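>>> predicted model, plus sequence, below.
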Amino acid sequence: MAAIENFDSIKFDDFDFLRNQLKEIAGIQLSDNKIDLVAGRLRRHIYGLGMSSFSQYVSYLTRLHANHDEWMYFINCLTTNKTDFFREIEHFNYLSQKIVPLWQKPGGLPVRIWSAACSSGEEPYSLAMLLLELKKSFDFEFLIQATDIDTKVLSIAANGVYKRSCLTNVPMHLYQNHITAGTGAIHDWIKIKREVKRWVTFKRCNLAQTPYLTPYSFDIIFCRNVLIYFSRNTIEKVINGLYQAASSGAYLFIGHTESLQQIKHPWHYVKPSIYRKLEK
Ligand SMILES: C[S@@+](CC[C@H](N)C(=O)[O-])C[C@H]1O[C@@H](n2cnc3c(N)ncnc32)[C@H](O)[C@@H]1O
């Protein structure tokens with residue numbers, strides 16, 4: 001087999017096939033100028049499969065059943081997973097100042113939170129750490145379901161181990177209470193404490209496939225920084241699917257740079273990037 005450096009460059013037709021599959025399966029759309037990104041993301045994976053060109057990979061994919069695991073690896077290679085602890089802090093402030101104080105329901109059902117498109121877990125763990133602190137002052141229970149289409153980031157999330165440098169946005173008291181810092185040879189690493197991890201469950205969910213088969217309806221939905229990858233039709237499908245999965249009075253948070261303008265949906269606008277399902 002040729003060395004990876006001698007790998008054929010990608011042909012436009014192969015790129016076009018691959019991006020159409022990505023859109024079909026995950027709703028992610030890529031413009032023509034993403035050709036090098038696709039080649040860069042897939043080259044090593046294809047090489048690892050023992051193939052030496054993108055065309056070979058394309059003809060391999062065309063022969064696979066829709067349920068074949070390779071489709072999952074293909075999607076894993078092409079997702080963009082950038083995230084941070086307490087990313088877009090205004091959402092966490094709004095949750096703790098405007099929403100949680102109204103949750104006092106002694107003996108009531110847990111508040112159900114969905115971190116959809118959770119990437120490697122920083123978002124749901126930020127929520128869990130914050131809510132565990134707030135639980136000391138307000139009487140509520142909660143659970144967090146965190147999902148993503150990418151199984152590679154989900155396994156990082158379930159592990160809960162991160163580089164120490166990821167913690168810049170984590171307030172000191174949350175760090176002290178909920179995170180274990182590595183020492184010696186693992187000084188550069190930190191781990192989310194088990195007492196935090198037990199509030200969060202991770203599983204795969206493809207937002208492009210509606211309706212969502214959720215075991216219950218959600219009171220808070222974080223669906224942030226994923227809509228930017230979708231076409232308008234897909235955004236409409238996702239946002240309406242989330243509405244179906246939301247309980248009466250639920251809040252939806254989307255990314256600060258995302259917008260539902262020109263999208264047909266039943267959510268009530270609260271403020272930029274925050275929406276609500278009106279109570280019946
Ligand atoms: C940029 S990250 C955002 C992570 C986090 N929500 C945040 O705001 O920091 C986008 C995530 O969306 C996921 N994603 C892309 N398409 C998806 C789909 N169809 N269903 C579920 N997750 C998807 C990607 O795997 C990636 O982890």
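Arrived safely. Everything numeric in this text was worked out from a predicted model, so none of it was measured. Numbering: from 1, shown residues only.
>>> tell me where the protein has helices.
12-26, 35-48, 54-62, 69-78, 89-94, 122-134, 151-159, 172-178, 194-197, 232-244 (DSSP state H).
>>> out of those, which is closest to residue 206?
Each of these was scored for nearness to residue 206 using C-beta to C-beta, and the closest is helix 12-26 (6.3 Å). For the C-beta atoms, the positions are set from N, CA and C on the backbone; glycine is no exception.
>>> and the contacts of the closest one?
For helix 12-26, contacts defined as C-beta atoms under 8 Å, 6 or more residues apart in numbering pick out 28-30, 34-35, 38-39, 42, 54-55, 57-58, 61-62, 71, 74-75, 78-79, 149, 206, 208, 231.
>>> thinking again about what came up before, deepest-packed of the helices of the chain, please.
Mean neighbours per residue, mean count of other C-beta atoms under 10 Å, is largest over the helices of the chain for helix 122-134, with a mean of 23.
>>> tell me the angle that one makes with helix 151-159.
Angle between the axes of helix 122-134 and helix 151-159 is 20 degrees (criterion: axes from the mean of the first three to the mean of the last three C-alpha atoms, to 10 degrees).
>>> is helix 122-134 anywhere near the ligand?
Yes. Helix 122-134 is in contact with the ligand by C-beta under 6 Å from any ligand atom, via residue 123.
>>> for that helix, list the C-alpha coordinates in PDB.
Written as PDB, here are the backbone C-alpha positions of helix 122-134 (Å, rounded to 0.1, in the frame of the first residue of the first chain):
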ATOM      1  CA  GLU A 122     -18.200  20.000  28.900                       C
ATOM      2  CA  GLU A 123     -21.700  21.400  28.500                       C
ATOM      3  CA  PRO A 124     -23.700  18.800  30.500                       C
ATOM      4  CA  TYR A 125     -21.000  18.700  33.200                       C
ATOM      5  CA  SER A 126     -21.100  22.500  33.500                       C
ATOM      6  CA  LEU A 127     -24.800  22.200  34.000                       C
ATOM      7  CA  ALA A 128     -24.400  19.400  36.600                       C
ATOM      8  CA  MET A 129     -21.800  21.300  38.600                       C
ATOM      9  CA  LEU A 130     -23.900  24.500  38.600                       C
ATOM     10  CA  LEU A 131     -27.100  22.700  39.600                       C
ATOM     11  CA  LEU A 132     -25.400  20.800  42.400                       C
ATOM     12  CA  GLU A 133     -24.400  24.100  43.900                       C
ATOM     13  CA  LEU A 134     -27.800  25.600  43.500                       C
END
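>>> avg pLDDT for it?
Averaged over helix 122-134, pLDDT sits at 98.
>>> how far out from the middle of the chain is that helix?
Relative to its chain's centre, helix 122-134 lies at 15 Å (C-alpha atoms, centre = their mean, to the nearest Å).
>>> what do you get for stretch 259-267?
20 Å.
>>> list of residues touching it?
232, 235, 236, 239, 240, 243, 252, 254, 269, 275, 276, 277.
>>> between the residues you listed, which is nearest residue 183?
Closest approach between the contacts of stretch 259-267 and residue 183, by C-beta to C-beta: residue 254, at 39.2 Å.
>>> I'd assumed residue 273 was in contact with that closest one.
Yes. In this structure residue 254 lies within contact range of residue 273 using C-beta atoms under 8 Å: 5.2 Å.
>>> now do the shared contacts for the two.
Both residue 254 and residue 273 are in contact with residue 224, where contact means C-beta under 8 Å, 6+ apart.
>>> and the two? Which one has more around it.
Between residue 254 and residue 273, residue 254 has the larger neighbour count (other C-beta atoms under 10 Å), namely 27 against 20.
>>> chain center to stretch 59-76, what's the gap?
21 Å.
>>> ok, residues contacting it?
17-18, 21-22, 25-26, 42, 45, 49, 51, 149-152.
>>> swap the cut-off to 6 Å and go again
For stretch 59-76, the surrounding residues in contact (C-beta atoms under 6 Å, 6 or more residues apart in numbering) are 26, 149, 150, 151, 152.
>>> same thing with stretch 130-142?
Contact with stretch 130-142 is made by 92, 96, 100, 103, 104, 106, 110, 111, as judged by C-beta under 6 Å, 6+ apart.
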